[in-house]
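Q: Whatever this is, show me its structure:
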Amino acid sequence: MTIEELRAFLSAVEKHPELREELRRHVLTQELLAMPAELYRQTARLDRVEEELAELRDAVRALVSSSQHHEEELRALRAIAERHEQRLSDIDARLDRLVAITERHDQRLSDIDERLARLVTITERHEEELRALRELAQKHDDDLRSLRELAQKHDDDLRQLRSTVASLTTTVGAMVEADAVDALLTVLEQKGFTAEELPASIAVNGELDIVAPVVAPDGQRYWVVVEVKVQLHPRDIRSWLRKLHSQSFRERLAAAGIEPPFLAYVYGQRVYRPALERARELGIGILSRRGEYVAPASLVV
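A: You can find the predicted model right below:
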């Protein structure tokens, strides 16, 4: 068969489908004849697989997106967890400090309890002591009232004693003064002095003294001044001489009309021996009931 014959045959086959099918049965094997149908089925299956693969790709993409989102959330959760762990660590540290502080507070509370117990004991003891002190104070009050009553009685007795002593002092002073006047008149008479007036008492500086204007045997006039003492000591001699030279004492004498020169004596109801020596030393006369112990050495001007 030539090429032209083959082309004419193929053209006839193309024009007549029944020839084409018959040609296939003669040319193709049974497997090749079945291949188009199988190919169709496989193509359809492949389409379904491709669709399923497309769906799987979409699912994988969605899963990847979801996984990425989950990873981001997981990272956020991890960050949150780390922050929580840090906070928990801080809380643990604070709890440790709180535990330590609580333990110290417990120790302090224990110490305070002990101190309170001691304070209670001390307070109870103080209350007992206070009750004892109150009882003692009550006793002291009773004793004080008794002492006040006794003191009042003593005051009354003392006032009475002072009154008696004052009366006795006045009496003794009067007696001593009378003895001094008698002794002075006796001595003046013995020495040839003439008393122009009787010796009189004068109170100067709170003490009684005796003064008398006299005329000496040579006709000279002056005042005799006598300080009166119950007991005569050396210090009394010096004190009397200082007083005689005192400006204020002389002014008070002058106010009574008594002017120097003075014939100065000290009268002593009881005269101590050292007083005699001091009188001779200072030139002051001494009188007693027995007369003149020491004569004045000179006039006090």
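Q: what's the offset of stretch 83-102 from the middle of its chain?
A: 43 Å (CA atoms, centre = their mean, to the nearest Å).
Q: again, but for stretch 54-64
A: Distance, stretch centre to chain centre, for stretch 54-64: 89 Å (CA atoms, centre = their mean).
Q: Tell me which residues of that stretch come out buried.
A: When burial is assessed from 16 or more other CB atoms under 10 Å, stretch 54-64 yields no buried residues. All C-beta spots, glycine's among them, are computed from the backbone N, C-alpha and C.
Q: Let's check: the centremost residue of the chain is which one?
A: With distances taken as CA atoms, centre = their mean, Leu119 lies nearest the centre of the chain, 20.8 Å away.
Q: Which element, helix or strand, includes that one?
A: Secondary structure from DSSP states H and E places Leu119 in helix 30-191.
Q: now for the following helix or strand past that helix, which elements pack on it?
A: Counting by DSSP H and E, the next helix or strand C-terminal to helix 30-191 is strand 194-195. Under the contact criterion of 3 or more CB pairs under 8 Å, 6 or more residues apart in numbering; DSSP states H and E, strand 194-195 touches helix 30-191, strand 207-215.
Q: Tell me the buried residues in the last one?
A: To tie it back to what came earlier, the one meant is strand 207-215. The neighbour-count check on strand 207-215 (16+ other CB under 10 Å) flags 208-214 as buried.
Q: next one: stretch 6-24
A: Val13.
Q: how far does that stretch sit from the chain's center?
A: With CA atoms, centre = their mean, you get 138 Å for stretch 6-24.
Q: can you put the buried residues of strand 207-215 in TSV and add pLDDT and distance to Ile284?
A: Below are the buried residues of strand 207-215 laid out as TSV (pLDDT from 0 to 100; distance: CB to CB, whole Å):
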residue	pLDDT	distance to Ile284
Leu208	55	18
Asp209	81	13
Ile210	91	15
Val211	93	16
Ala212	94	17
Pro213	95	20
Val214	95	17
